[in-house]
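K.L.:
this one's sequence-less:
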């Protein structure tokens with residue numbers, strides 16, 4: 001086992017647009033709209049065009065986050081080992097960070113597919129103004145559905161902390 005710092009990339013994704021809850025169903029069961037599916041496919045194409053390979057996906061247990069992942073794969077994003085994490089459902093930034101800290105140490109690129117306000121808050125917490133001015137300006141305009149933040153840091157997932165990452169890119173995928 002190595003103790004040297006390793007370069008890591010954390011890809012934080014807010015799920016694509018979902019419809020309202022159907023009568024008799026709960027919020028966790030909300031499904032993507034057709035436009036949401038198309039936006040998630042566009043997100044997959046964008047990641048593919050960047051040549052971004054994902055080693056591990058930590059996905060909320062909601063239907064809409066899982067459908068976002070599936071549509072991203074359909075759009076061309078390389079499929080990865082997906083772990084459905086109930087703790088990510090409508091989680092706070094701190095709760096999401098706790099899940100990320102448990103990521104596979106062999107994974108250099110980890111994607112989290114979750115919800116607002118936790119995903120946007122974690123992006124701000126980790127980057128704390130560090131990184132690309134363009135990415136921070138885009139993030140300041142909001143973190144809408146199918147928003148993608150790419151953060152970089154050196155170290156082990158278990159050691160990731162507030163202010164410990166750099167925001168390299170922020171993109172809002174639209175079909």
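P.N.:
Cool, got the structure. For clarity, every value in this text was computed on a predicted model and none was experimentally measured. Numbering: from 1, shown residues only.
K.L.:
C-alpha from now on. contacts and neighbour counts both.
P.N.:
Noted.
K.L.:
now do the helices in the protein.
P.N.:
For the chain, applying DSSP state H gives helices covering 34-50, 63-74, 93-101, 118-127, 133-140.
K.L.:
quick one: which of those helices is nearest residue 6?
P.N.:
Residue 6 lies closest to helix 93-101 among those, at 14.3 Å (CA to CA).
K.L.:
tilt between that closest one and helix 118-127?
P.N.:
70 degrees (axes from the mean of the first three to the mean of the last three CA atoms, to 10 degrees).
K.L.:
before we move on, back to that, nearest to residue 161, out of the helices of the chain?
P.N.:
Among the helices of the chain, the nearest to residue 161 by CA to CA is helix 118-127 (6.6 Å).
K.L.:
what is the rounded mean pLDDT of the closest one?
P.N.:
The average pLDDT for helix 118-127 rounds to 96.
K.L.:
with stretch 40-57 instead?
P.N.:
Mean predicted lDDT for stretch 40-57 stands at 96.
K.L.:
neighbouring contacts of it?
P.N.:
Residues from elsewhere that reach stretch 40-57 (CA atoms under 8 Å, 6 or more residues apart in numbering): 15-16, 68-69, 71-83, 103-104, 107-113, 146, 148, 172-175.
K.L.:
want to throw the helices of the chain into a markdown table with mean neighbour count and distance to residue 27?
P.N.:
Below are these laid out as a markdown table (neighbours: other CA atoms under 10 Å; distance: least, CA to CA, whole Å):
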| stretch | mean neighbour count | distance to residue 27 |
| --- | --- | --- |
| helix 34-50 | 22 | 16 |
| helix 63-74 | 23 | 9 |
| helix 93-101 | 19 | 19 |
| helix 118-127 | 22 | 16 |
| helix 133-140 | 15 | 26 |
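K.L.:
would you turn these into JSON lines with distance to residue 165?
P.N.:
What follows is the helices of the chain, written out as JSON lines (distance: least, CA to CA, whole Å):
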{"stretch": "helix 34-50", "distance to residue 165": "20"}
{"stretch": "helix 63-74", "distance to residue 165": "24"}
{"stretch": "helix 93-101", "distance to residue 165": "12"}
{"stretch": "helix 118-127", "distance to residue 165": "5"}
{"stretch": "helix 133-140", "distance to residue 165": "13"}
